Each structure stands twice: as C-alpha cells, then as structure tokens.
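Peer 1: need a 3D model of the following:
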Amino acid sequence: MTAIYDAYKPMRNYFRQCALEETWADMWQLSRHISYPKAIQAPVHAGEWPYSLDGEVFQWELPTIAREVLLHAQERGGDKRLNSLAAVQTVIRSLRNTSYEGSSFDSLATMTSSMTAAPCASAVSLAAREHL
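Peer 2: Sure thing, here's the model as predicted:
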C-alpha cells in the first residue's frame, strides 16, 4: 500500500503548487491537443518551443488528471501549471506509476485471496462427498 502512496505523491504535490484556473485552462487545451494533435497545439509556456504529445498521453488518462487538478490545485496562489512538456511528463509518469503499483497491489490481493479461498472450496467439496 505504501508503494501506491509513494507513486501518487509526486503528482499530488505537483498539483498542490498549481494555480487552479490557469491549470484548468491548460487541461482544456491539453484535451483538445490529444483529440486533434495536428490541428491544436499543446499548452506552452510563453517563450518555449511548441511540442507534441501525440501518442504520449491518452484520452483515458485525462479524466484522472482533471480530477487531481480539481482536488489539489490552489484556488489562489500557485505558481505552476501544465503548460510545459516537463510538467506534463511529470504528471503522466506519476499517474502511470500509480496505476502500475495499484495493479500490482490488486494482483497480489487477488492471488492472496485465491490462495486462502482454495482450501475452503476443497473443504466444502470434501464435506459434500462425505454426505454421499
């Protein structure tokens, strides 16, 4: 469980330093860029070169990122945004690490529960045979 938290923490901490309104606008532009990568540019900090996230960020990751922005971004203050390649890569890396750790945790829990359930099932079938 601590591995999931350790994977999630960088994303949460990054969004705690973000300005809500500006980051929400970046999310909107990011979602449009993911949908139409050739026509719409990714959010860019003034003075930086444009970049493309085509094939690097997937549409199904956007709702999770949007939820995290709403949960953790600062209504006032906040000096960070999702308007640079480094920022988006940090968030995506953390999101995917969290997903990986979560799926590892789920697999371990499923394996553990199936190991404990198997003796119970065989005990039930043994008891049923005794009654025959």
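
Peer 1: okay, now the unreliable bits of this structure?
Peer 2: 1, 105-132 (pLDDT under 70).

Peer 1: could you rerun that using 50?
Peer 2: Residues of the chain that meet the criterion pLDDT under 50 lie in 108, 111-112, 114-115, 117-129, 131-132.

Peer 1: nearest the geometric middle of it, what residue?
Peer 2: When CA atoms, centre = their mean is applied to the chain, the residue found nearest the centroid is residue 95 (3.0 Å).

Peer 1: secondary structure element holding that residue?
Peer 2: Secondary structure from DSSP states H and E places residue 95 in helix 85-131.

Peer 1: wait, the residue nearest to the centre of the chain touches residue 12, no?
Peer 2: No. Using CB atoms under 8 Å, residue 95 is not in contact with residue 12; the gap is 10.8 Å. Every residue, glycine included, has its C-beta placed from N, CA and C.

Peer 1: sorry, back to before: could you measure from the residue nearest to the centre of the chain over to residue 58?
Peer 2: With distances taken as CB to CB, to the nearest Å, residue 95 is found 10 Å from residue 58.

Peer 1: distance check, residue 42 against residue 102.
Peer 2: In terms of CB to CB, residue 42 sits 27 Å off from residue 102.

Peer 1: contact partners for the closest residue to residue 79 other than its chain neighbours?
Peer 2: With CB to CB, 6 or more residues apart in numbering as the criterion, residue 79 has its nearest non-adjacent residue at 6.5 Å, and that residue is residue 17. Applying CB atoms under 8 Å, 6 or more residues apart in numbering, we find residue 17 in contact with 74, 78, 79, 80.

Peer 1: can you check residue 87 too?
Peer 2: 14, 80, 81.

Peer 1: kindly report the same for residue 22.
Peer 2: So residue 22 contacts 78, 81, 83 (CB under 8 Å, 6+ apart).

Peer 1: show the contacting residues for residue 18.
Peer 2: 69, 72, 73, 74, 78, 80, 81, 82.

Peer 1: now the buried members of those residues.
Peer 2: For the contacts of residue 18, a burial check counting by 16 or more other CB atoms under 10 Å picks out 69, 72, 73, 74, 78, 80, 81, 82.
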